[in-house]
Structure formats: structure tokens, C-alpha cells
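Enquirer: All I have is the shape, not the residue letters:
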């Protein structure tokens, strides 16, 4: 579950930050009650991003995100859900869905391609 939102629209006042943290703590408890959370991280804003591109033998490093967008990737949850409907239910409960967008994307199972498999 990728969480996108407009960094410039975030309420960074003490009350706004407390409301956001409270909302995510409640969401975390909901996920824990269902036992589906496998990981989660918040990401620093895009002004802390570095993008790397390899072109031939040259590594090109650029400050900032890969692309200019209206909404930026702010964090993610790794969930283990039996059905897409379960992931959609979780995304609907995520506080980030109220002002931004949640992208649900399945993890690719590469276990059949690993050495010795």
C-alpha cells in the first residue's frame, strides 16, 4: 500500500501533526488486530530525495524526486492480505486516503527464480 499526498498541503502545526499521528496510531491498531501488517515506513519529503540514473558507465545523481508530481510518495505499508478486497478495506481506513491517494500493488513472488529453487 503506497501512500501519496501533496507535501505542501500537510498541516505541520503541532495540532495538525498530533491529529495525523493519532490517526495513524489508530490505523496501526486496526491492522494489528487483523494481523496483516508485515512492515511500514514513513518517508522524508522529496526535498531529501536523491535520484540515481546509470547511463553507460556514468552514474548521474540528481537532488530531488524522480519526477515532478502533484502528489508525492510519503510512506508505505506492507500488508499480507488474502484478497484484494481486504487490501482495499485497509486502504479505505488509512488516514492518507482522506487527502491523498493509496495505491495497492501486489508483491511479485520471485521465489521460483532464486538460486537453488
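Expert: Received the coordinates, thanks. Remember, predicted model here, so these are calculated numbers, not experimental data.
Enquirer: So residue 59 is in contact with residue 52, correct?
Expert: Yes - the criterion here is CB atoms under 8 Å, and residue 59 meets it with residue 52 at 6.1 Å. Quick note: C-beta positions are derived from backbone N, CA and C, even for glycine.
Enquirer: Quick test: name the residue nearest the centre of the protein.
Expert: Most central in the chain under CA atoms, centre = their mean is residue 76, positioned 2.2 Å from the mean C-alpha point.
Enquirer: which residues touch the nearest residue to that one once chain neighbours are set aside?
Expert: Nearest residue to residue 76 in three dimensions, chain neighbours excluded: residue 2, at 5.2 Å (CB to CB, 6 or more residues apart in numbering). Contact partners of residue 2, counting by CB atoms under 8 Å, 6 or more residues apart in numbering, are 73, 76, 102-105.
Enquirer: quick one: residue 2 from residue 75, how far?
Expert: 8 Å (CB to CB, to the nearest Å).
Enquirer: sorry, back to before: who are the neighbours in contact with the residue nearest to the centre of the chain?
Expert: Contacts of residue 76 (CB under 8 Å, 6+ apart): 1-3, 40-41, 43.
Enquirer: 7 Å instead?
Expert: Counting by CB atoms under 7 Å, 6 or more residues apart in numbering, residue 76 makes contact with 1-3, 40-41.
Enquirer: of all those residues, which comes closest to residue 92?
Expert: residue 1 (10.8 Å; CB to CB).
Enquirer: what about that closest one, neighbour count?
Expert: Using other CB atoms under 10 Å, the number of residues around residue 1 comes to 22.
Enquirer: my guess is it meets residue 80, correct?
Expert: No - Residue 1 lies out of contact with residue 80 (CB atoms under 7 Å); the separation is 11.4 Å.
Enquirer: which residues of the protein fall in helices?
Expert: 14-34, 84-93 (DSSP state H).
Enquirer: Do me a favour and average the pLDDT over the last one.
Expert: Spelled out, it's helix 84-93. Taken as a whole, helix 84-93 has an average pLDDT of 97.
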